[in-house]
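Undergrad: Give me the fold of what follows.
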Amino acid sequence: MQATADVTKKESAWSGWKGQAIDLLYWRNVKQSGAVFSSVLLLLFSLTQFSVVSVGAYLALAALSASISFRIYKSVLQAVQKTDEGHPFKSYLEMEIALSQDQISKYADKILLYSNTCMKELRRLFLVQDLIDSLKFAVLMWLLTYVGALFNGLTLLILAVVSMFTMPVVYEKHQAQIDQYVGLIRTQVNSVVGKIQAKIPGAKRKEE
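TA: Numbers count the residues shown, from 1 in each chain. Next up, the predicted model:
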């Protein structure tokens, strides 16, 4: 019973985090989404100008300055008012942040599953188990050489963050039109792939 209750509790927590992430990306709370979006962009833009070590050190100094200043302010305030409220961060210091063995095992199992799936897929593509899939992968890698020549990793990460906070809202507002265009593109791509499969010996997928 206890194990079932723990699993249910973890699933509820995961559902809660997933719901919060969706609300964040869909701008359900404009202030919260704006704060996260601007903070992440500021961090990424800082990394384009300074090294990771410098940005990390500045962030740590800023956090320490704020916490030390607040700690001194509360101590002085308690001394003037002659109160004993205790440490201002007591609730956070007493908060449990350690991962349990079950959580570590759960995350390790997920990482292992994703790693094995990725290795199997790469083996399938590089050893040409399916010719069409390997050709698609080759085209993708070829396109990425041009992307890499135009953008560095941080620029792509910035674009990814901007897309994460804009595309869901755009899709939500124009879902019908986007689905229509995506359907047309998918039909054209499937048609081209079908013609290629018909012309290349051994490219046609085997029937299950």
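Undergrad: where does the protein dip in pLDDT?
TA: Applying pLDDT under 70 to the chain flags residues 1-16, 201-208.
Undergrad: what about Tyr146, how many neighbours?
TA: 9 (other C-beta atoms under 10 Å). In short, each C-beta sits where N, CA and C put it, glycine included.
Undergrad: gap between it and Phe126?
TA: According to C-beta to C-beta, to the nearest Å, Tyr146 and Phe126 sit 21 Å apart.
Undergrad: Likewise for Val53?
TA: In terms of C-beta to C-beta, Val53 sits 36 Å off from Phe126.
Undergrad: same deal with Ser134?
TA: Ser134 is 8 Å from Phe126, by C-beta to C-beta.
Undergrad: Counting neighbours around each, name which of the two comes out higher.
TA: Using other C-beta under 10 Å as the criterion, Ser134 and Phe126 rank with Ser134 on top: 16 against 10.
Undergrad: List the contacts of that one.
TA: Listed by C-beta atoms under 8 Å, 6 or more residues apart in numbering, the contact partners of Ser134 are 125-126, 128.
Undergrad: Secondary structure and distance to Thr166 for those residues - can I get that in CSV?
TA: Shown next, in CSV, are these (DSSP: H, G, I helix; E, B strand; the rest coil; distance: C-beta to C-beta, whole Å):
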residue, secondary structure, distance to Thr166
Leu125, helix, 31
Phe126, helix, 35
Val128, coil, 38
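Undergrad: nearest to Gly183, of those residues?
TA: Leu125 (26.5 Å; C-beta to C-beta).
Undergrad: how about the helix or strand hosting Leu77: buried residues?
TA: Assigned by DSSP states H and E, Leu77 falls within helix 52-81. Using 16 or more other C-beta atoms under 10 Å as the burial criterion, the residues of helix 52-81 that qualify are Val55.
Undergrad: now stretch 100-117
TA: Under the neighbour-count rule, stretch 100-117 has none buried (16+ other C-beta under 10 Å).
Undergrad: what does stretch 132-152 give?
TA: Buried, per 16+ other C-beta under 10 Å, within stretch 132-152: 132, 134-135, 137.
Undergrad: Using CSV, lay out these together with secondary structure.
TA: Output for those, formatted as CSV (DSSP: H, G, I helix; E, B strand; the rest coil):
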residue, secondary structure
Ile132, helix
Ser134, helix
Leu135, helix
Phe137, helix
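Undergrad: Could you look up the SS state of Ala21?
TA: Assigned with three-state DSSP, Ala21 falls in the helix class.
Undergrad: I'd like to know how many residues surround it.
TA: Neighbours of Ala21 (other C-beta under 10 Å): 11.
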